[in-house]
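Student: When you get a sec, could you give me coordinates for this:
(chains A and B)
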Amino acid sequence: MERYYQPEIECASREQILRWQNERLVKQVQHVWDSVPYYRKKMEEKGVTPADIKGVEDLHKLPFLTKDDLREAYPYGLLGKPLKDCVRIQSTSGTTGKRVVAFYTQHDIDLWEDCCARAIVAAGGTDEDVCHVSYGYGLFTGGPGLNGGSHKVGCLTLPMSSGNTDRQLQFMVDLGSTILCCTPSYAAYLAECIHERGIQSKIKLKAGIFGAEAWSEEMRQDIQSKLGIKAYDIYGLTETSGPGVAFECSAQTGMHINEDHFIAEIIDPNTGEVLPEGSKGELVFTSITKEAFPLLRYRTRDICVLTREKCPCGRTHVKMSKPMGRSDDMLIIKGVNVFPSQIETVLLEQGYPANYQIIVDRVNNSDTLEVQVEMTPENFSDSLAHITDMEKSLVGALKAMLGIYAKVKLVAPKTIARSEGKAVRVIDKRKI
Amino acid sequence: MGIHQISVFLENRAGQLAEITSILSDNKIDMRAISIAETSDYGVLRLIVSEPERTASILLSHGFILSMTPVVAVAVPDEPGGLARVLHILAEAEIDIEYMYAIIGRIAGRAYMIFRVNDEEKFRVTLATSGLATISKEELGIQ
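Tutor: Residues are numbered from 1 along each chain as shown, chains lettered A, B, ... in the order given. Purely as a prediction, here's the structure:
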């Protein structure tokens, strides 16, 4: 039987959901108008005032927020509450310009953890479960979000964080983990390790909640059969709190968006026009309950489809498909957001030409990142040790910037194609 | 006069070496010695050629990245223990060898080695006081 964390919300009638959205949107627009001068100015430029927004049907009148706005307003420009009311930040990796720093009041954290708790219960979680959280803890939202949700459900929570596979497996066996939360690629890796070591019979997992990177239906089947579990997708972004903005139910046919907290729209990424239900386009979120970081009409750059078809699980909230791509050049590698411009910055700082190529692949279910860069006369030396040192220093600088390992490949000059127009900087070989 | 080796950056890719040797052949450049240092992804090709300056400008014009590196050629007695003797002398004098490789000898009974060391002056003096000869570029037929 399907279980819910907050059945009265998750299975509310469409009319009820709309009433919540209307009421909360009106309140939120007023809150933003009163406390976020940056957005107020954008509204004024568009000739909109809070009086124009009477409900969800008026949402389209509001201006969009983009990552550029976040950059311009960094760090405090979009803050909706005085700092004394904020209790936490979470952040993405990256340069100052590309890094997202989101703020939370205690209330924001409570609601975020509720969203994650809904995801855990939808995956079959109860207070009898041992929830093994192998998302990174720290600035990354994955660990803290699922950790908080797991507490709310009452699971015994294992705050494993990422890495140290030996220890992960030892705890999984010794403490009988039943729910695994991590990136799908790490789940696939753990599954392989479990098979290699022949410890399948000692693993008690029944479900997994895997997000922060794109994964295919084939990968789901693979993980499910190897681990003998049901694998559920979860979606979120730091800008809107973190994981739990949307989550999969037993139907496994898309993720229910927590519409009591977020209003979702699909727009044409080129014109900004709102598209009808069922259209493929860019996902836009309006946070209607967040206090500290209340983003209105934030463009996620994720391309997907929304559907309000009745779901057999009983939940009534709209479902989003897995993201099918991006409307910008951001790459998600091992769950980490990577912009080609970040790589370019490092290359220039290290004295390499801006002519480079980024090759992304997925080998044994794990993402790989290779940066090919041309050798220059200035950087060349007769000493192999010197070249190797330079390569190591570049690998280190990339790791510091991106937060993940990138293999560096030094190539001969003029081997990376120059193009007349937009250079082909990224070759993504992953079949997702 | 000192000998200049041409060091060329090589990407580990099929055909790179063939391309360079064809260019040398087309331009009637004679190779005296060749050596490659490599990692799994790239390498450095080290060449001793008949006409270093012309070779360098030709390779540069083909887009290769290179540098000219001063090296020392040494005549090593062509007999068992010949090289060992030379290396012991260098070790005692605390001269570090960055790399070395063999070069085809033109005189029977003599083997030539190319050395790249950290202190070339000390290297020459040490060799001389030990009765070992360095080889001039003329002897190697280098212009």
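
Student: Residue numbers of chain A in contact with chain B?
Tutor: Residues of chain A lying close to chain B by CB under 8 Å from any CB of the partner chain are A:375-377, A:380-384, A:387-388, A:409-415. All C-beta spots, glycine's among them, are computed from the backbone N, C-alpha and C.

Student: gap between the most centrally placed residue in chain B and residue B:103?
Tutor: Centroid-nearest residue in chain B, with CA atoms, centre = their mean: residue B:114, separated by 4.5 Å. In this view, residue B:114 and residue B:103 are 5 Å apart by CB to CB, to the nearest Å.

Student: tell me, what's touching the two both at once?
Tutor: B:33, B:48, B:73 (CB atoms under 8 Å, 6 or more residues apart in numbering or on different chains).

Student: distance of residue A:13 from residue A:261?
Tutor: The value you get for residue A:13 to residue A:261, if CB to CB is used, is 17 Å.

Student: Quick check: which ranges of the chain have low pLDDT?
Tutor: In the absence of a named chain, chain A is used. Counting by pLDDT under 70, chain A has low-confidence residues at A:93-98, A:418-423, A:432.

Student: could you do chain B instead?
Tutor: Ranges of chain B meeting pLDDT under 70: B:1, B:105-106.

Student: Now do the domain split for it, please.
Tutor: B:3-69, B:70-135 (automatic domain parsing).

Student: Likewise for chain A?
Tutor: Using automatic domain parsing, chain A is parsed into the domains A:7-328, A:333-428.

Student: And the shortest one, end to end?
Tutor: Right, the one you point to is domain A:333-428. 10 Å (CA to CA, to the nearest Å).

Student: all strands of the stretch 51-200 of chain A, in order?
Tutor: A:86-91, A:101-105, A:130-133, A:156-159, A:179-182 (DSSP state E, counting those that start in this stretch).

Student: mind checking the SS state of the nearest residue to residue A:263 once chain neighbours are set aside?
Tutor: The spatially closest residue to residue A:263, leaving aside those adjacent along the chain, is residue A:286, at 4.3 Å (CB to CB, 6 or more residues apart in numbering or on different chains). Secondary structure for residue A:286, judged by DSSP: H, G, I helix; E, B strand; the rest coil, is strand.

Student: Show me what stretch A:31-47 is in contact with.
Tutor: A:49-50, A:61-63, A:65, A:69, A:72-73, A:77-81, A:291, A:294, A:296.

Student: returning to that earlier point: correct me if wrong: the residue nearest to the centre of chain B contacts residue B:98.
Tutor: No - assessed by CB atoms under 8 Å, residue B:114 is found out of contact with residue B:98, at 11.1 Å.

Student: Can you give the strand pairings for the helix or strand encompassing the residue nearest to the centre of chain B, parallel or anti for each?
Tutor: Under the criterion of DSSP states H and E, residue B:114 resides in strand B:110-117. Here strand B:110-117 is paired, per DSSP bridges, with strand B:66-77 (antiparallel), strand B:97-103 (antiparallel).

Student: Pretty sure residue A:200 sits against residue A:192.
Tutor: No - applying CB under 8 Å, one finds residue A:200 not in contact with residue A:192, separated by 11.5 Å.

Student: and the residue nearest to residue A:405 when sequence neighbours are not counted, helix, strand or coil?
Tutor: Using CB to CB, 6+ apart and skipping residues adjacent in sequence, the residue nearest residue A:405 is residue A:399, 5.9 Å away. Residue A:399 falls in the helix class when you classify it by three-state DSSP.

Student: Residue A:399 touches residue A:406, doesn't it?
Tutor: Yes - applying CB under 8 Å, one finds residue A:399 in contact with residue A:406, separated by 7.1 Å.

Student: mind listing the helices for the stretch 301-432 of chain A?
Tutor: A:340-349, A:384-402 (DSSP state H, counting those that start in this stretch).

Student: Redo those helices as CSV? Include mean neighbour count.
Tutor: Converted to CSV, those look like this (neighbours: other CB atoms under 10 Å in any protein chain shown):
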stretch, mean neighbour count
helix A:340-349, 18
helix A:384-402, 16
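
Student: Output the ones you listed in CSV; the columns should cover distance to residue A:305.
Tutor: Listed next are the helices of the stretch 301-432 of chain A as CSV, based on distance: least, CB to CB, whole Å:
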stretch, distance to residue A:305
helix A:340-349, 27
helix A:384-402, 30
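
Student: CA-only coordinates of the one helix or strand residue B:54 maps to in CSV, if you can.
Tutor: Under the criterion of DSSP H and E, residue B:54 resides in helix B:52-61. The C-alpha coordinates for helix B:52-61 follow below in CSV (Å, rounded to 0.1, in the frame of the first residue of the first chain):
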residue,chain,number,x,y,z
PRO,B,52,70.1,21.5,-36.2
GLU,B,53,69.2,25.0,-37.1
ARG,B,54,67.7,24.2,-40.4
THR,B,55,65.8,21.3,-38.9
ALA,B,56,64.4,23.4,-36.2
SER,B,57,63.1,26.0,-38.5
ILE,B,58,61.5,23.4,-40.8
LEU,B,59,59.8,21.6,-37.9
LEU,B,60,58.6,25.0,-36.5
SER,B,61,57.2,25.8,-39.9
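
Student: helices and strands around it, which ones?
Tutor: Applying 3 or more CB pairs under 8 Å, 6 or more residues apart in numbering or on different chains; DSSP states H and E, one finds that helix B:52-61 contacts strand B:3-11, helix B:16-26, strand B:66-77.

Student: Need the winner for burial among those.
Tutor: strand B:3-11 (a mean of 22; mean count of other CB atoms under 10 Å in any protein chain shown).

Student: Name all residues that make contact with residue A:343.
Tutor: A:356, A:358, A:371, A:398, A:401, A:402, A:406.

Student: Can you tell me which of those is closest to chain B?
Tutor: Of all the contacts of residue A:343, chain B sits closest to residue A:371, with 12.0 Å by CB to the nearest CB.
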